[in-house]
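[1] I would like to see how this sequence folds:
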Amino acid sequence: MELRVLKYFLAVAREENITRAAALLHLTQPTLSRQLMQLEEELGVKLFHRSRYRIVLTEDGMLLRRRAQELVELAEKTTQEFRRTPELRGTVAIGGGDLEGMGLLAGLLASFQREHPQVTYRIYSGNTDHIKERLEGGTLDLGLFLEPVDISKYDVFRLPVQEQWGVHVPETWPLAQKQAVTAQDLAGVPLLLTARGAIQQELARWFGPYAQRIQVAATGNLPHNLTLLAQEGMGAFLTIRLRSRYEGLRFLPLSPPLTSGTVLACKKTEAFPPVVAALLEHIKQCLFPVSADGDDGK
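    This next block holds a predicted model:
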């Protein structure tokens, strides 16, 4: 399986039309069709449903698209890492969820880019499982995680930021008139929760004796869709405070307060490319500056 052919496959999957894909790739249509048929023969599966005007991926095709994207990204990233130039340049791939810690990280990236303007960033938004998978696969250099999270495989920087938990509730609900909400207030209220088991366990501990009265209306892996459900009145969205404001919703902090830490993780014993190594050193110096007596701030 050649990387070149995978790029052809991705172009066809994106355009859903062989003629358009062939034009973009500067190939003839018969040549591209032949490459795709040979790929299907090599894998022993059918990758496309073909019609007169459009082609659509099969389930096997959708799986290959995901793997092909990862392989192409990794190949391009490897090429960049071995390209030596006098000035520090390259792309750093970072994954993270919607976290307040991303605001702190954004400031660190901005200060690093002022020193090294040829460095660019590729930001991947996803949940913990997706980010871990991409870290392990090498398509991400760094991952930003909400605790609690298993970090045994990683070297981490614990960010000096605390994520505050609370609920987004419709402004029309009586609950919205409170300044904060207790476990008793939320007992019996339909809730919209993260799908992460570790976070659900943390929230259950906060509910204490009221944990048995939790009513889950829906779960999800990223906040935007759960926010839409909250706007429709399906439940109170139990989440961390973000900088975004949502029309028709009010954020109420939990009482007693519940907070979570964030960690920036990278693979252990990794031989980093120069641009990633330089960024990690910059982050370390910013977060844990060395004092006059030689001790850092850890």
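[2] any low-confidence regions in the stretch 151-298 of the chain?
    Under the criterion pLDDT under 70, the flagged ranges of the stretch 151-298 of the chain are 269-270, 290-298.
[3] quick one: R34 is in a strand?
    No. Counting by DSSP: H, G, I helix; E, B strand; the rest coil, R34 is located in no strand; its state is helix.
[4] switch to numbering from 52
    Got it, the first residue is 52 from now on, which makes the last one we talked about R85.
[5] Quick one: neighbours of it, just the number.
    Counted by other C-beta atoms under 10 Å, the residues lying close to R85 total 12. From N, CA and C alone the C-beta is placed, and that goes for glycine too.
[6] Check the spacing between it and L108 real quick.
    19 Å (C-beta to C-beta, to the nearest Å).
[7] again, but for L244
    For L244 relative to L108 (C-beta to C-beta), the value is 32 Å.
[8] Tell me where the stretch 202-349 of the chain has strands.
    205-221, 241-245, 266-271, 287-291, 300-304, 310-318 (DSSP state E, counting those that start in this stretch).
[9] Leaving out chain neighbours, which residue sits closest to L195?
    In space, and not counting its chain neighbours, L195 is closest to G147: 3.3 Å by C-beta to C-beta, 6 or more residues apart in numbering.
[10] who are the neighbours in contact with that neighbour?
    M153, L156, I174, Y175, S176, I182, G194, L195, F196 (C-beta atoms under 8 Å, 6 or more residues apart in numbering).
[11] Is the last one bridged to anything, and to what?
    F196 forms beta bridges with V314, as assigned by DSSP bridges.
[12] Settle it for me: which of L244 and L108 has more neighbours?
    Using other C-beta under 10 Å, the more surrounded residue of L244 and L108 is L244, with 20 against 17.
[13] The residue nearest to that one when sequence neighbours are not counted: what's it in contact with?
    Leaving aside its sequence neighbours, L244 sits nearest to T270 (C-beta to C-beta, 6+ apart; 5.1 Å). The contact partners of T270, by C-beta under 8 Å, 6+ apart, come to L243, L244, T245, A246.
[14] Any quick PyMOL command for the buried ones out of the residues you listed?
    In PyMOL, the members of the contacts of T270 classed as buried (16 or more other C-beta atoms under 10 Å) are selected with the following command:
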select buried, resi 243+244+245
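[15] ok, of the contacts of T270, which one's closest to V170?
    Taking C-beta to C-beta as the measure, V170 lies nearest T245 of those, at 32.5 Å.
[16] just the helices in this structure please.
    In the chain, the helices defined using DSSP state H lie at 54-66, 69-76, 80-94, 110-132, 152-166, 179-188, 234-237, 248-258, 274-282, 325-338.
[17] Just put the ones you listed in JSON lines and tack on distance to G217.
    JSON lines is the format used below for those (distance: least, C-beta to C-beta, whole Å):
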{"stretch": "helix 54-66", "distance to G217": "40"}
{"stretch": "helix 69-76", "distance to G217": "47"}
{"stretch": "helix 80-94", "distance to G217": "48"}
{"stretch": "helix 110-132", "distance to G217": "35"}
{"stretch": "helix 152-166", "distance to G217": "17"}
{"stretch": "helix 179-188", "distance to G217": "20"}
{"stretch": "helix 234-237", "distance to G217": "11"}
{"stretch": "helix 248-258", "distance to G217": "11"}
{"stretch": "helix 274-282", "distance to G217": "12"}
{"stretch": "helix 325-338", "distance to G217": "26"}
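[18] so how far is E138 from L300?
    46 Å.
[19] I'd like to know how far the closest residue to R294 other than its chain neighbours sits from S295.
    Excluding the flanking residues, the one nearest R294 by C-beta to C-beta, 6+ apart is G154, at 6.9 Å. Distance of G154 to S295, computed by C-beta to C-beta: 12 Å.
[20] from the chain's centre, how far out does stretch 224-238 sit?
    Relative to its parent chain, stretch 224-238 has a centroid offset of 31 Å by C-alpha atoms, centre = their mean, to the nearest Å.
[21] Same check on stretch 165-184?
    With C-alpha atoms, centre = their mean, you get 9 Å for stretch 165-184.
[22] again, but for stretch 205-212
    On C-alpha atoms, centre = their mean, the centre of stretch 205-212 falls 16 Å from that of its chain.
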